[in-house]
Structures are given as C-alpha cells and as structure tokens.
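>>> Kindly generate the corresponding structure for this input.
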Amino acid sequence: MSYKLNSFSRGAVCATLLASALTVLMPAVSFAQTTLNVAQRQDPQNLDPIDTFSLSWGSIASNIFEGLVFRGEDLQLQPGLATSWEFLDNETRIRFNLRKGVAFHNGEPFNADAVKYTFDRLLGAEGEKGPQRSNYTSIKEVVVVDAHTVDFLMERPDPVLITKLAGYGAMIVPPKYIEEVGEEAFDLKPVGTGPFEVAEYTPTVGAKLAKSDTYWNGEAKVDAVNIRFISEDATRIAELLSGGVDIALNIPKPSVETIRENERVDLVAVDGPTVVITRFNTETGITQDPRVRRAIALAIDTDAIIESLLGGLASPISSAQGEKSFGNAPDLTPYAYDPEQARALLAEAGIAPGTEITLDFPGNYDTFREVSQVLAAYLDMVGLKLNVRPHENSVYYNDIQPNGKTGELYYFGWGGWTFDFDNTAYLLYHTGERQNAYISDEKLDALLESQRTTYDTDVRRKALQDVARYSYENTLDLPLYNEATLYGVSTRVEGFVPAPDDRARYMNVTVK
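Take a look at the predicted model:
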C-alpha cells in the first residue's frame, strides 16, 4: 500500500517563525546551478559500503554507488552493473555478464577485476571489521572469466543472494582508487559509478553531491544535492516548512499533522520493511497455553492502534512481515478484535480475572511505550493485568530478549531490508537462533531449512507462506503493524519517488 497525503491550512505560521529563530546547522551550499536541499536525521559516519548497515547510509550512497543488480522503489530486481546472470553447475556457480562502457567517477574502468576486488575485500580482512560481511559468506570465491564476465562460486545455496547483491555491502568499488588513497580516505570521499559523485562529506554536518557528467545511464536533473544532517526533529521539520530544505526524511509521527496542514509541503508515505510485533513466551507462564495466546490476540484492536496512535500511517499485518515481503500469505487476515471470545478462551484455560502478565520492551522507543499502554487497557477489559517493563536498549537486546528473560510478552521490531520473509522468519522461529529464546519446533525448522536449499521461487514462497500460516494458527506472535516510511516533500519538487527502504534516489528529481 502506498499513498500520498496532502492537506491545506493556515497553520504553518508558527513553524515558520520557529525556523527563523533556529540556528542553521549547515550553510546552504552555493552551487551555480540547480541544487536539491535534503535533510535527514542521522550521519552514517562513514560512506564505505562495507562499513555500515545504517539506513542513513542508504539515503546518501544509493546515489553514489551501484551493484551488479538494481532494486528500484517498486522492489523489483533488474540488471544493474551486470546485464544478465545465469546459474550453472547445478546452481553451484553463478555467471554474471558485466555492463561495458562504465567508468567510476575518477575515470577508472568498471570491469571484472573491480567486481573481484569488491568481493575479495568484502569477504576478507577489511570486510571482517564491518557488519556487512556475514550477509555474503555464501560466496566462496569470485573468479574472473574475462574482462566483462565473472563467476561466483558458491559455498552453499543462497536464494536471497541476488536480492542482497542490490544491497549495501555489495556495491562495487574501484580497486586502484582505494589502493591509492587508502581506506580512511575512501571512508570520507568514496568513488562509485552512480549518477552523483561526492563533492564533500563532513561528518555530523552533511554531504554535498555533484552530478556526474559521465554517468552511463543518463543525466541527473539537478546539478547538486546538498544533504544536511539535522538530528533534532523539530529543527528538521522547521527547515522543511520554511523552505530551507526541499525534502526531509525520517518524519516523526508528532509532526505529521503539522505537515498535513501546510499547503507548501506534501506528506508522502509508502509501506516500508519495518514491522512491529509482540512475541509470546511459549515456554513458561500462562502463555504456554495456545488458548491464552489467542485470547490476547483477540483482545487487541490493532486497527484502532494504527488509526489513533499512528495516524493511519501503518498497515495491519497477519505475520511478522508486510504485504511487500516475499513469503507473505495473502489468505491470512489479521486477528479479529473479539473481546468476548477472548474472555471465553481465558475462562476455558482456567485463567482467573486479574491475572498479571508482563510485557518487556526497549525503553527508548517512545512510540511503542504509548502502544504498550493501549495494550494494557485492552487486556484489562478481558481480565488480564499487563505490567509494562522497559529496559535500557543494550540490556534488552543483548540480555533480556536473547537469553529468554522476558515476561509473557515482549517487543520485537525488524526492518527486513531484503523484503524476503527468510530474513525475519529464520531469526524468529528456527531453533537456536539469537532472536528465538523459546520456540523449538521440528516442523518450523524443516520448513525454514527447505527454502534455504533451493533457488526455486515457487518452492520458497510456499515454504515461507507455510511458516506464516503455522505461526498464525498457533499464535506464536501478536502481529501489530507494518510501519510506513515517511517523507516531507516541498510542492516545488517534482519526480521524487518514495523509497520503501529509505534508499532515496535523486537522479530524476527537479526543483521548480
């Protein structure tokens, strides 16, 4: 689901006055020609593809780098720096035919040597320092066949590999440039093959991109993009409303109405990869009983939460994935709100009215803190007293959740940037996984393992849908919502297509 929200009011005056009183964090760049000004919350700290998994990197570097495969805003895979690929030798080897006539921003040619260097670096000592290497360890070796052909020799099957080759760590980098300038210099001024090149990057301040005059796939419609890092939500929104920036990323929910009421700005939203669920402790306590788990699910009106707390900027879900995810089961519908049936199931399970249960969550997530209070109110209406127990972020993720120290319910949020349910489901349901402290089920293990050993999309889709159905039928989780990715866009901007995964691209954007 994607949608564009426009509204008109006279309510921008206060925000404009606020903007004039705020200190500008980074002076507007003075390019001679057309400049697109963008604000985003975070600085990725590093522009090297193998050194980050931050969404704030993707919204900059997707304009600088390219992979062998390209995934657009519609999430469809298509040729990138590779024109085609084929599986050989019983799918143990993948051959990529490379695009000719492509050069890096420094003039260095893109070829098979660059591809081999990229993956040798990613899978070697340098890649081991960063977070991306583990996504690509299914690759045993990259072999140069000729100047425009490479073979990926596979250590094991990896049905999500082609999607991952359109992702962060697999962006192709220039061998000679890196060897000449060194790793630290590449962090700050990298070179890619994309439509924009780095003119300047100042950590904590911003990045200035200049249109590449040698881009192989056309010409950007603006001459420069000035990206400012504005961590304060109020400041970033004020800059958008006052015209200081043309596009703002990372729109906070409290600012939605302010943007909707401003006639010079559009709120643009698209369903993203992030899902929020509450998980059950299926090993101890009253939530061992599937009737209790189903009763809790039926007691919660998720539609009301989406409308009242999230302003409608989320979608209901029936499993731990959104509708854009490969493996989503369209025949499943979210649990219906049915408090009467919830009370009946609790009575059948012998649960006395007033029974206390606990929900654990990371305390710095303000939106979920509000959601937890609503969950408590709903459960109170069916006779359960929910105690909410926040934790410091690192304690929650490094101890409480992985070590099975939660109460009967606990928070789980996940981005799933591949939009492939394997990326989420294996972590949640396979025995022994870090995100799975309570479930050990041979049927789930077999389904999850079966879809990892084949490249057949029909087989994989059925297996993943069966995982979703099994989780649904046994109420292993309470799926809450699929969050929307929000952008604030000036009405002067044309050609901007919202990226579900925050990888904003600016090549086709113009500013009136």
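>>> CA atoms only for stretch 112-132, dumped as CSV, please.
Only the C-alpha atoms of stretch 112-132 are listed here, as CSV (Å, rounded to 0.1, in the frame of the first residue of the first chain):
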residue,chain,number,x,y,z
ALA,A,112,35.6,-7.9,-13.9
ASP,A,113,38.7,-7.0,-11.8
ALA,A,114,36.7,-4.4,-10.0
VAL,A,115,34.0,-6.9,-9.1
LYS,A,116,36.5,-9.5,-7.9
TYR,A,117,38.3,-6.8,-5.8
THR,A,118,35.0,-5.7,-4.3
PHE,A,119,34.1,-9.1,-3.0
ASP,A,120,37.6,-10.2,-2.1
ARG,A,121,37.7,-7.0,0.1
LEU,A,122,34.2,-7.6,1.5
LEU,A,123,34.9,-11.2,2.4
GLY,A,124,38.5,-10.6,3.6
ALA,A,125,40.2,-8.8,6.5
GLU,A,126,38.8,-5.4,5.7
GLY,A,127,35.2,-6.6,5.4
GLU,A,128,35.6,-8.5,8.7
LYS,A,129,35.8,-5.2,10.5
GLY,A,130,32.3,-4.2,9.4
PRO,A,131,28.8,-5.5,9.7
GLN,A,132,28.1,-6.5,6.1
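>>> So for it, mean pLDDT?
Mean pLDDT, stretch 112-132: 95.
>>> what residues does that stretch touch?
Stretch 112-132 has contacts (C-beta atoms under 8 Å, 6 or more residues apart in numbering) with 48-53, 68, 81, 96, 98, 104, 108, 133, 136-137, 139, 142-150, 152, 168-175, 178, 183. From N, CA and C alone the C-beta is placed, and that goes for glycine too.
>>> Could you give me the buried positions within that stretch?
By 16 or more other C-beta atoms under 10 Å, the buried positions in stretch 112-132 come out as 112, 114-119, 121-123, 126-127, 130, 132.
>>> one step back: narrow the contacts of stretch 112-132 to those in helices?
Of the positions in those, P175, I178, E183 sit in helices, assigned by DSSP state H.
>>> Pull out the buried residues from the residues you listed.
P175, I178.
>>> which among the ones in helices among the contacts of stretch 112-132 gets closest to D360?
The closest of the ones in helices among the contacts of stretch 112-132 to D360 turns out to be E183 (C-beta to C-beta; 39.9 Å).
>>> Give me the nearest residue to that closest one, chain neighbours excluded.
Spatial nearest neighbour of E183, excluding adjacent residues (C-beta to C-beta, 6 or more residues apart in numbering): E126 at 6.7 Å.
>>> Tell me the secondary structure at the one you found.
Put simply, E126 is helix when judged by DSSP: H, G, I helix; E, B strand; the rest coil.
>>> now do V198
Classified using three-state DSSP, V198 is strand.
>>> Please name the residues that touch the residue nearest to it when sequence neighbours are not counted.
Computed as C-beta to C-beta, 6+ apart, the closest residue to V198 that is not its neighbour in sequence is K189, at 5.3 Å. Counting by C-beta under 8 Å, 6+ apart, K189 makes contact with L47, V181, V198, Y201.
>>> Out of those, flag the one nearest to A248.
Lowest distance from A248 to the contacts of K189 (C-beta to C-beta) belongs to Y201, with 19.6 Å.
>>> Which of the contacts of K189 fall within strands?
Residues from the contacts of K189 lying in strands, with DSSP state E as the criterion: V198, Y201.
>>> Between the contacts of K189, which sits nearest N393?
Comparing the contacts of K189 against N393 with C-beta to C-beta places L47 closest, at 25.5 Å.
>>> Can you tell me how far the closest one is from S59?
Look at L47 and S59: by C-beta to C-beta, to the nearest Å, they are 12 Å apart.
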